[in-house]
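**Student:** no sequence for this one, just the structure:
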């Protein structure tokens, strides 16, 4: 598969109007994955078409937002098995190009109901706002973090009390600020976090509750 930097360069080089409705999908194992602008087309434009056409078994796709390791830039991606393409992209046009790990096709862009003009800046803003609406997936724990969690579970760190310090992970630390513990629990991205992140979050939550009581 192409490098993420190259994929994002393609996704963000859409100044020409004939590129606005192109979807690029890249093979990753048994799935094909779309990134950034292409992911937005499938998740928003194609999903609207599917609802309108009452496509069977169509549900919102799992969207994953990722932060680049080299900058503060983020992007979203979605994926599904190729055999499901008719379900997730019912309004797609024929493939324009097919390679071993890269396919492209078009999904018609609907005209705004208010009669205004579609522009690149308007679409780019929509993609960026859609991206910002999703929680960033925490990076995978380092080897040191995994060892700390393993030691915590086995009691090898010599402190097995319920108030033992939680292992260091990228899970957000619970706090009683900004709406209270309940809000923090409700906002926690459980399904998008690793088991180790979830474990660390629970440990920190117990510490926070203990400090309040």
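**Tutor:** Now that the structure is in, tell me what you want to look at. Just so it is clear, the structure is predicted and the values come from calculations on it, not from any experiment. Numbering: from 1, shown residues only.

**Student:** Based on its surroundings, how many neighbours for residue 34?
**Tutor:** By other CB atoms under 10 Å, 27 other residues sit near residue 34. Glycine gets a C-beta too; all of them are placed from N, C-alpha and C.

**Student:** Tell me the first helix or strand C-terminal of the helix or strand of the chain with the lowest mean pLDDT.
**Tutor:** One helix or strand of the chain scores below all others by mean pLDDT, DSSP states H and E: helix 47-52, with a mean of 56. Once the chain leaves helix 47-52, the next helix or strand it forms, by DSSP states H and E, is strand 64-67.

**Student:** gap between that following strand and the chain center?
**Tutor:** Centre-to-centre, strand 64-67 and its host chain are 4 Å apart (CA atoms, centre = their mean, to the nearest Å).

**Student:** Just the buried residues of it, please?
**Tutor:** By neighbour count on 16 or more other CB atoms under 10 Å, the buried set for strand 64-67 is 64, 65, 66.

**Student:** Just give me the longest helix of this protein.
**Tutor:** Longest helix in the chain, counting residues (DSSP state H): helix 195-212.

**Student:** what packs against that helix?
**Tutor:** Helices and strands touching helix 195-212, by 3 or more CB pairs under 8 Å, 6 or more residues apart in numbering; DSSP states H and E, are helix 143-154, helix 180-187.

**Student:** ok, 7 Å please
**Tutor:** In terms of contacts (3 or more CB pairs under 7 Å, 6 or more residues apart in numbering; DSSP states H and E), helix 195-212 is packed against helix 143-154.

**Student:** now the angle between helix 195-212 and the helix it packs on, please.
**Tutor:** 60 degrees (axes from the mean of the first three to the mean of the last three CA atoms, to 10 degrees).

**Student:** one step back: what is the mean pLDDT for the longest helix of the chain?
**Tutor:** What helix 195-212 shows for mean pLDDT is 73.

**Student:** and it with helix 180-187, angle?
**Tutor:** Orientation of helix 195-212 against helix 180-187 (the same axes, to 10 degrees) gives an angle of 170 degrees.

**Student:** and helix 195-212, which residues are buried?
**Tutor:** 196, 197, 198, 199, 200, 201, 203, 204, 205, 207.

**Student:** ok so, going back, which one of the buried residues of strand 64-67 is nearest residue 44?
**Tutor:** Using CB to CB, residue 65 comes nearest to residue 44 of the buried residues of strand 64-67, at 14.5 Å.

**Student:** Show me the beta-bridge partners of that closest one.
**Tutor:** Note on residue 65: beta-bridge partners by DSSP bridges are residue 76, residue 136.

**Student:** can you pull the pLDDT of it?
**Tutor:** Residue 65 is given a pLDDT of 93.

**Student:** What separation is there between it and residue 42?
**Tutor:** Distance of residue 65 to residue 42, given as CB to CB, to the nearest Å: 15 Å.
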